[in-house]
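K.L.:
sharing a model prediction with you, sequence too.
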Amino acid sequence: MIETIRGQIPQCLIFKKPFSWCPGCGYGIITRILAEAIDELGIRENTIAVTGIGCFMLIDQFLDVDFFEALHGRSPAAATGLKIVSPDKVVFTFQGDGDCASIGMAEVVHAANRGVPITVFMVNNSLYGMTGGQMGATTLLGEKTTTSPQGRKATLHGLPVRLPEMLQAAEGAVFLARVSVSSPPKVVQAKKSVIRAFECQMGKRGFSYVEFLSPCTTGLKKNAVDSMAWVREEMEEYFPVGVIKPKES
Amino acid sequence: MARKVLMKNNEIIAETAIRYGIRYYFGYPITPQNEITEYMAKRLPEVGGVFFQPESELAGINMAAGCSGAGKLPMLSTSGPGFSLMQEGLSFMSAAELPCIIVDVMRAGPGDGDIAGAQGDYHQVVKCGGHGDYHVIAIAPSSGESIVHDVKRSIELASRYRTPVIMLLDGLLAQMSEPVTLPQPKDITQYEKNWILTGAKGRERRIITSYTANTDEAEALNMRLQRKYRQIQAREQRWQEFETKDAEVILVAFGIVGRIAISAVKKARRDGLKVGLILPSTLWPVSEKAFRSLPSGLRSLLVIEENAGQMVDDISLAVNGAVSVERLTKLGGRVPSESEILKLVKKLHNRSKD
């Protein structure tokens, strides 16, 4: 059985040790999706990935590509610098919601507006995972975190940020999608969006962005099954899943 | 023989950098350095380079980090408030060992301050305003001619030590026009290619990072950096001396204040006063060696700065009580005049006779 599974491991995945994310975390699924997409497009040797600060940064232990570990929130700027020097490389960022939609919002908005042909992958798990489950830009209304113990209030904290919907207005952003890892069919859809986003970049058409809705079991204080159900029932309710741009009829 | 041209010092910086091979520049508008940004915007496309205007200095330093990681030496220029925003990036680039060149054209602070030139960024550059134990090399030109030399040296040091190098000028010097002989074009920006990111084709993948996963890694990184900094301190101190051999009073000043101090020394010598000058060219490493063998007749040093007294702390440490260290400080963008320096020099000189 193990051998069968090994036979399907994507080449781009480093399979020397178990994933170091918490059991039930969505990052394992997302890492696998990226590895498969990179393999299918044959871009492993031509790719530079940029991470920031958050649980997601551990991905550099598992994807067999060049990595640049940027400062918290600044990966779209670092990726822009890499892309300016190497326009023919595939450059993508891998960020969390705090990294991308809070501290780094200026960088991602300007990258999208410029249409710099990089791809931003943002993992939205509704809170700051690495620092212990604090409220973030995408924490849902009423959601209790360590810094919103009474639940997020719109009057005090504002509404959760729908980042790709905001980025729609930028003409430089050619592909914007939100996907989820909450069920096998959605995982299949997620990979399709990842491939489309990479293809936009490879065709030098402009900025592309895919947001993953993903569970943080530890931050949510739920078990793996319940946190996946929470993504499906609560997150997907507020953050609609699908291709946001180009509009599909 | 190469012809002299008259150019604004900000533009001499930009043109010299281009002639020495800089092709990637990131600049956000801020006075009094705008001539560098505008010159780069016009000239770089003519030579096949890239001028890029980021949305902020914060983005700019991180774009430069990416550019550096891709193997091209980036250049940025800014003034105090923008430099403050770059501090986190400088800590990062120092730790990740990413070379870059940053020009800080100082204006009066603190806060939004005033656009008049000043030297108040000494602390935030030389002491490093970012987090953790790191240093950046800081070089202070004092004339158009020295800018040509110092741009070259900055590029060489950034490449050799894989570290950010800051050129520090006050706004007055940057805005002056001076005659200069520009160098013949020669690309000296190349650095080792065994760590840059190009995609893992036919080689092991590479990771550029400042993150350490455990205490052993963190300690090893810090020890490696400290070894490099000690090497830089041992090898790269530079300063100029004028009339110091028999001096009873030695002035210490950098940048434009150093120029004014040269005039003051000449005038003082004509008046029969034994006055000299030490003009540091590197601010970090601090030119400690210049103060190791001071003349036996020396009674006091006079440190002159366009700030409340920042470099004077480093000079006092270098002298370590051997002679008295006096200060003349000017605030809010005021410039010390030759006559006010001379007045104080005479007082110190007379005191040394007592």
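P.N.:
Now that the structure is in, tell me what you want to look at. Bear in mind the structure is a predicted one, so any value in this text is a computation, not a measurement.
K.L.:
neighbours of the closest residue to chain B within chain A, how many?
P.N.:
Chain A approaches chain B most closely through A:Gly81 (2.6 Å), counting by Cβ to the nearest Cβ. Using the backbone N, CA and C atoms, a C-beta is placed for each residue, glycine as well. Other residues within reach of A:Gly81, judged by other Cβ atoms under 10 Å in any protein chain shown, total 33.
K.L.:
secondary structure element for it?
P.N.:
helix A:75-85 (DSSP states H and E).
K.L.:
okay, buried residues for the strand or helix carrying B:Ile166 please.
P.N.:
According to DSSP H and E, B:Ile166 maps onto strand B:164-170. For strand B:164-170, burial by neighbour count (16 or more other Cβ atoms under 10 Å in any protein chain shown) applies to B:Pro164, B:Val165, B:Ile166, B:Met167, B:Leu168, B:Leu169, B:Asp170.
K.L.:
now do stretch A:203-210
P.N.:
A:Gly206, A:Phe207, A:Ser208, A:Tyr209, A:Val210.
K.L.:
beta partners of the fourth one?
P.N.:
With DSSP bridges applied, A:Tyr209 shows beta-bridge pairing to A:Val120, A:Leu176.
K.L.:
spit out the contact partners of it.
P.N.:
A:108, A:112, A:119-122, A:163-164, A:167, A:173, A:175-177, A:197 (Cβ atoms under 8 Å, 6 or more residues apart in numbering or on different chains).
K.L.:
can you check A:Ala35 too?
P.N.:
By Cβ under 8 Å, 6+ apart, the contact set of A:Ala35 is A:Pro10, A:Gln11, A:Cys12, A:Leu13, A:Phe62, A:Leu63.
K.L.:
state the pair within the residues you listed that is farthest apart.
P.N.:
With Cβ to Cβ as the measure, no two of the contacts of A:Ala35 lie farther apart than A:Gln11 and A:Phe62, at 12.6 Å.
K.L.:
neighbour count: the two, which is higher?
P.N.:
A:Phe62 (22 against 12).
K.L.:
got the confidence number for the more buried one?
P.N.:
Note on A:Phe62: pLDDT of 96.
K.L.:
so it touches A:Pro10, yeah?
P.N.:
No - with contact defined as Cβ atoms under 8 Å, A:Phe62 does not count as touching A:Pro10 (10.3 Å).
K.L.:
does chain A sit close to the lengthiest strand in chain B?
P.N.:
Secondary structure of chain B per DSSP state E: the longest strand is strand B:100-108. No - looking at strand B:100-108 against chain A by Cβ under 8 Å from any Cβ of the partner chain, there are no contacts, and the closest approach is 10.2 Å.
K.L.:
report all helices and strands that that strand contacts.
P.N.:
helix B:9-19, helix B:57-69, strand B:74-78, helix B:80-85, strand B:114-117, helix B:144-161, strand B:164-170, helix B:171-175 (3 or more Cβ pairs under 8 Å, 6 or more residues apart in numbering or on different chains; DSSP states H and E).
K.L.:
name the stretch among those that sits most buried.
P.N.:
strand B:74-78 (a mean of 31; mean count of other Cβ atoms under 10 Å in any protein chain shown).
K.L.:
now it, how far from the centre of its chain.
P.N.:
Strand B:74-78 sits 13 Å away from the centroid of its parent chain (Cα atoms, centre = their mean, to the nearest Å).
K.L.:
equivalent analysis for stretch A:62-80, please.
P.N.:
That offset, for stretch A:62-80, works out to 13 Å (Cα atoms, centre = their mean).
K.L.:
if we can go back for a sec, dump the buried residues of stretch A:203-210 into CSV; add pLDDT as well.
P.N.:
Rendered in CSV, the data for the buried residues of stretch A:203-210 read as follows (pLDDT from 0 to 100):
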residue, pLDDT
A:Gly206, 98
A:Phe207, 98
A:Ser208, 98
A:Tyr209, 98
A:Val210, 98
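K.L.:
any idea which of those residues is the one closest to B:Pro285?
P.N.:
Nearest member of the buried residues of stretch A:203-210 to B:Pro285, counting by Cβ to Cβ, is A:Phe207, at 42.9 Å.
K.L.:
isn't that closest one up against A:Glu171?
P.N.:
No - contact criterion Cβ under 8 Å: A:Phe207 and A:Glu171 do not qualify, at 9.7 Å.
K.L.:
between the two, what contacts are shared?
P.N.:
A:Gly115.
K.L.:
re the thing from before, now, which of the buried residues of strand B:164-170 lie close to chain A?
P.N.:
Okay, of those, nothing touches chain A (Cβ under 8 Å from any Cβ).
K.L.:
looking at those, which is nearest A:Gln134?
P.N.:
Among the buried residues of strand B:164-170, and counting by Cβ to Cβ, the member closest to A:Gln134 is B:Pro164, at 32.0 Å.
K.L.:
so where's the chain shaky on pLDDT?
P.N.:
You didn't pick a chain, so chain A it is. The model of chain A has pLDDT under 70 over residues A:1-7, A:249.
K.L.:
nope, chain B
P.N.:
B:1, B:352-354.
K.L.:
circling back: let's have the helices and strands packed on strand B:100-108 in a markdown table, adding distance to A:Lys221.
P.N.:
Converted to a markdown table, the helices and strands packed on strand B:100-108 look like this (distance: least, Cβ to Cβ, whole Å):
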| stretch | distance to A:Lys221 |
| --- | --- |
| helix B:9-19 | 55 |
| helix B:57-69 | 34 |
| strand B:74-78 | 44 |
| helix B:80-85 | 37 |
| strand B:114-117 | 53 |
| helix B:144-161 | 48 |
| strand B:164-170 | 43 |
| helix B:171-175 | 55 |
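K.L.:
who in chain B is up against chain A?
P.N.:
So chain B meets chain A at B:24, B:26, B:50, B:52, B:54-56, B:58-60, B:62-72, B:74, B:88-89, B:92, B:96, B:197-202, B:205-211 (Cβ under 8 Å from any Cβ).
K.L.:
let me see the domain layout of chain B.
P.N.:
Under the assignment automatic domain parsing, the domains of chain B span B:5-235, B:240-353.
K.L.:
need these in JSON lines with distance to A:Pro149, can you?
P.N.:
Converted to JSON lines, those look like this (distance: least, Cβ to Cβ, whole Å):
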{"stretch": "domain B:5-235", "distance to A:Pro149": "29"}
{"stretch": "domain B:240-353", "distance to A:Pro149": "45"}
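K.L.:
contacting residues for the residue nearest to B:Asp170 when sequence neighbours are not counted?
P.N.:
Of all residues not flanking B:Asp170 in the chain, B:Gly117 sits nearest, at 4.0 Å (Cβ to Cβ, 6 or more residues apart in numbering or on different chains). Going by Cβ under 8 Å, 6+ apart, B:Gly117 touches B:32, B:105-108, B:170-175, B:256, B:306, B:333, B:335.
K.L.:
now, which of the residues you listed sits nearest B:Val125?
P.N.:
B:Met106 (8.8 Å).
K.L.:
please name the bridge partners of that closest one.
P.N.:
B:Asp170.
K.L.:
state the distance from it to B:Ala290.
P.N.:
22 Å (Cβ to Cβ, to the nearest Å).
K.L.:
the two: who's more crowded?
P.N.:
A count of neighbours by other Cβ under 10 Å puts B:Met106 above the other of B:Met106 and B:Ala290, at 31 against 21.
K.L.:
about what we covered before: does the residue of chain A closest to chain B really touch B:Gly69, like I thought?
P.N.:
Yes - at 7.5 Å, A:Gly81 counts as touching B:Gly69 under the criterion of Cβ under 8 Å.
K.L.:
mind listing the strands for chain A?
P.N.:
A:47-51, A:66-69, A:90-96, A:119-124, A:127-128, A:134-135, A:173-180, A:207-213, A:242-245.
K.L.:
not counting its neighbours along the chain, what's nearest A:Met166?
P.N.:
A:Val109 (7.3 Å).
K.L.:
ok, the one you found - contacts?
P.N.:
A:Val109 touches A:Met166, A:Leu167, A:Ala170, counting by Cβ under 8 Å, 6+ apart.
K.L.:
equivalent analysis for B:Ala200, please.
P.N.:
A:Arg44, A:Glu45, A:Thr47, A:Asp64, A:Val65, A:Asp66, B:Arg206.
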